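>>> Here is a sequence together with a model predicted from it:
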Amino acid sequence: MPSNNYYDVTTWPVGNPAKDVGEVINSIIADIKERQAATDVNDGGKPGAVIYLPPGDYHLRTQVLIDVSFLRIEGSGHGFTSSSIRFNVPEDEWPDLHELWPGGSRVIVDLPAAGDGEEAKGAAFYVERNGSPRISSVEFSNFCIDGLHFVPDGSGLQAENTYVNGKTGIYAASANDSFRITGMGFVYLEHALTIYHADALSIHDNFIAECGSCIELRGWGQASKITDNLVGAGFKGHSIYAENHGGLLVTANNVFPRGASSVHFKGVTRSSVTNNRLHSFYPGMVLLEDNSSENLVATNHFLRDHEPWTPFLGVDNGLDDLTGLLSISGSNNSVVGNHFSEVIDSESIRPAGGTPVIIRLAAGTGNFVSNNHVVAMDVSAKSSDSCFAAQVDALLTTEATEGLAVTTVMVDSASARNTILDSGSDTQVVLDKAVNAFRATPAIGM
């Protein structure tokens, strides 16, 4: 028997999904609320619904307002392709490209500019419901949200390279439980995902790239996970950001370069950053700030090298090489078994003549740093007009003119009673041995 809780936007009688899929989805949600008004019918009554987006292009000119639980919006293909590469190809070459735009089930965000900088107004999907219980089990799966274009920001960069347009993919404003965002594609949005007050949120197996910021968990939250995503923000924003969260799991993500940070925690406790591949063009790759404590940072691969793509040469996140690839202001964190590759041109070090820092304990007590391996190489920076070729060449090149002198661990005076084991030689670790425990990495022949 066909279910009346399954909707296809292309067959719904209200609106035209190609011209404004937002109007169509809002009409469907209104129908769900009207039909599922009773809270208790035969031990049920509000099963929710599925809204299906077949492969196609759907302009969204009306914000979708979600205030019902158990709603799943799904498509048939995340449709990601690099708009950044295409926009930096000369226009006279566009006719020879196999495709110009993202595909799959693609929602094109055509909301008017808010003008007041209020992020929520630029969100394609806005989730909010007050009262009890919290809105629960809303799912977004297997479609693309495309911001289409970036706009000039006064920086002098080409407009399509600014990562600014006032558009957000999904914005959850109120406390929520057991949301799932899986198999999605997000591209050319100033903010891809902004989620407030999340409990048991799952962000899994998405492609979130070429956005100003990719994943932002704001307000507070607990017991959520960010896993198996391909992520890459712009130089102004965050790839993965969380504040005031506990029990957060960040695992098995492949974080691309150009984000101002790869993982940025503020006031996050008893959480894990494990088994991620993190790649950045700047220092400050992983930041644990505002007394982020009792976290585990383990078995990650950090790579910091140079921007090789011509359109973004000279762009950075404003941090110098003394910041550290991993910087911690908090207590009782464990940093264990990570691999760090610092592959940069010594002529580019800032401040000039400085020694780059890999792990920096800036504040806090009782941190445990053990068995981290650092490879530091001095290379001659190269660039190319081809984004893909330049980045692959940079990743595969392992030759270097010579080793690069680095401080593998620096412990500031504001941090004490830490334990540093097998994470650098006597000359590579800078700390006050009177207030910190230290064992150097064994040296060959010693």
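Received, thanks.
>>> Angles on the backbone of the nearest residue to residue 408 once chain neighbours are set aside, please.
Of all residues not flanking residue 408 in the chain, residue 424 sits nearest, at 3.2 Å (CB to CB, 6 or more residues apart in numbering). For glycine as for every other residue, the C-beta is placed from the backbone atoms N, C-alpha and C. Residue 424 adopts backbone torsions of phi 150, psi 160, taken as degrees, to the nearest 10.
>>> where are the low-confidence patches of the chain?
Along the chain, the model assigns pLDDT under 70 to residues 1-2, 114-115, 381-401, 446.
>>> OK, contacts around residue 301?
276, 277, 278, 338, 339, 341 (CB atoms under 8 Å, 6 or more residues apart in numbering).
>>> quick one on the thing from earlier: isn't the residue nearest to residue 408 up against residue 441?
Yes: counting by CB atoms under 8 Å, residue 424 touches residue 441, with 5.9 Å between them.
>>> out of these two, which sits in the busier spot?
With neighbours defined as other CB atoms under 10 Å, residue 424 and residue 441 compare such that residue 424 has more, 24 against 17.
>>> and the end-to-end length of stretch 250-269?
This stretch, stretch 250-269, spans 13 Å end to end (CA to CA, to the nearest Å).
>>> Stretch 276-294 now?
End residues of stretch 276-294 are separated by 19 Å (CA to CA).
>>> What distance do you get for residue 427 to residue 300?
Going from residue 427 to residue 300 by CB to CB, to the nearest Å gives 25 Å.
>>> got it, and residue 86?
31 Å.
>>> now do residue 337
Residue 337 is 9 Å from residue 300, by CB to CB.
>>> More neighbours: which of the two?
residue 300 (26 against 14).
>>> Now do the contacts for the more buried one.
Counting by CB under 8 Å, 6+ apart, residue 300 has contacts 273, 274, 275, 276, 277, 278, 286, 338, 339.
>>> what's the answer for residue 170, then?
Neighbours of residue 170 in contact, by CB under 8 Å, 6+ apart: 123, 124, 125, 127, 140, 145, 181, 192, 193, 194, 195.
>>> got those residues as a markdown table, with neighbour count and distance to residue 235 columns?
Conversion of the contacts of residue 170 to a markdown table gives the following (neighbours: other CB atoms under 10 Å; distance: CB to CB, whole Å):
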| residue | neighbour count | distance to residue 235 |
| --- | --- | --- |
| 123 | 27 | 23 |
| 124 | 25 | 24 |
| 125 | 23 | 26 |
| 127 | 23 | 28 |
| 140 | 25 | 27 |
| 145 | 30 | 21 |
| 181 | 26 | 24 |
| 192 | 31 | 15 |
| 193 | 27 | 19 |
| 194 | 21 | 19 |
| 195 | 23 | 23 |
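>>> Show me which of the contacts of residue 301 are buried.
276, 278, 338, 341 (16 or more other CB atoms under 10 Å).
>>> which ones among those are found in strands?
Secondary structure from DSSP state E places 278, 341 of these in strands.
>>> Which one of the buried ones among the contacts of residue 301 is nearest to residue 49?
Set against residue 49, the nearest of the buried ones among the contacts of residue 301 by CB to CB is residue 276 (35.2 Å).
>>> thought the closest one was touching residue 239?
No: judged on CB under 8 Å, residue 276 makes no contact with residue 239 at a distance of 10.3 Å.
>>> Next, show the common contact partners of these two.
With CB under 8 Å, 6+ apart, residue 276 and residue 239 have common neighbours 255, 262, 263.
>>> From residue 285, how far out is the last one?
Summarising the geometry, the distance separating residue 263 from residue 285, computed by CB to CB, is 8 Å.
>>> any shared contact partners between those two?
residue 278.
>>> So which of those two has more stuff around it?
residue 285 (30 against 27).
>>> For that one, list the residues it contacts.
Contacts of residue 285 by CB under 8 Å, 6+ apart are 261, 262, 263, 278, 302, 304, 325, 326.
>>> Look up how far residue 66 lies from it.
To residue 66, residue 285 is 34 Å away according to CB to CB.
>>> so residue 354, which of the three states?
coil (DSSP: H, G, I helix; E, B strand; the rest coil).
>>> Ramachandran angles for it?
phi -80, psi 170.
>>> And residue 232, by the same measure?
Torsion angles, degrees, to the nearest 10, at residue 232: phi -160, psi 110.
>>> residues touching the spatially closest residue to it that is not a sequence neighbour, list them.
Of all residues not flanking residue 232 in the chain, residue 256 sits nearest, at 3.0 Å (CB to CB, 6+ apart). Contacts for residue 256 (CB under 8 Å, 6+ apart) come out as 209, 230, 231, 232, 239, 279.
>>> now swap in residue 60 and tell me
Contacts of residue 60 by CB under 8 Å, 6+ apart are 20, 21, 22, 107, 108, 109, 110, 111, 124.
>>> Mark which of the residues you listed are part of helices, please.
Judged by DSSP state H, helices contain the following of the contacts of residue 60: 20, 21, 22.
>>> Save those as TSV, and put in distance to residue 34 and neighbour count too.
Converted to TSV, those look like this (distance: CB to CB, whole Å; neighbours: other CB atoms under 10 Å):
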residue	distance to residue 34	neighbour count
20	21	17
21	20	29
22	19	23
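>>> Closest one of these to residue 98?
residue 21 (25.7 Å).
>>> Just to check, the closest one is in contact with residue 106?
No: using CB under 8 Å, residue 21 is not in contact with residue 106, being 9.9 Å away.
>>> Need the residues touching each of the two.
Common neighbours of residue 21 and residue 106 (CB under 8 Å, 6+ apart) are residue 58.
>>> where does residue 92 fall, phi/psi-wise?
According to degrees, to the nearest 10, residue 92 has phi -70, psi -10.
>>> tally of neighbours for it?
7.
>>> just the one 3 residues further on next, same as before
Here the count is done by other CB under 10 Å, and residue 95 has 7 residues near it.
>>> so how far is residue 234 from it?
28 Å.
>>> Spit out the contact partners of the residue nearest to residue 66 when sequence neighbours are not counted.
Nearest residue to residue 66 in three dimensions, chain neighbours excluded: residue 127, at 4.5 Å (CB to CB, 6+ apart). Neighbouring residues of residue 127 by CB under 8 Å, 6+ apart: 66, 67, 135, 138, 170, 171, 172, 173, 174, 176.
>>> neighbour-wise, which of these leads?
Busiest of these [other CB under 10 Å] is residue 172, holding 28 neighbours.
>>> who are the neighbours in contact with that one?
127, 128, 138, 179, 194, 195, 196, 197, 198.
>>> same thing but 7 Å
Residue 172 is in contact with 127, 179, 195, 196, counting by CB atoms under 7 Å, 6 or more residues apart in numbering.
>>> That one and residue 285, how far apart?
Residue 172 is 27 Å from residue 285, by CB to CB.
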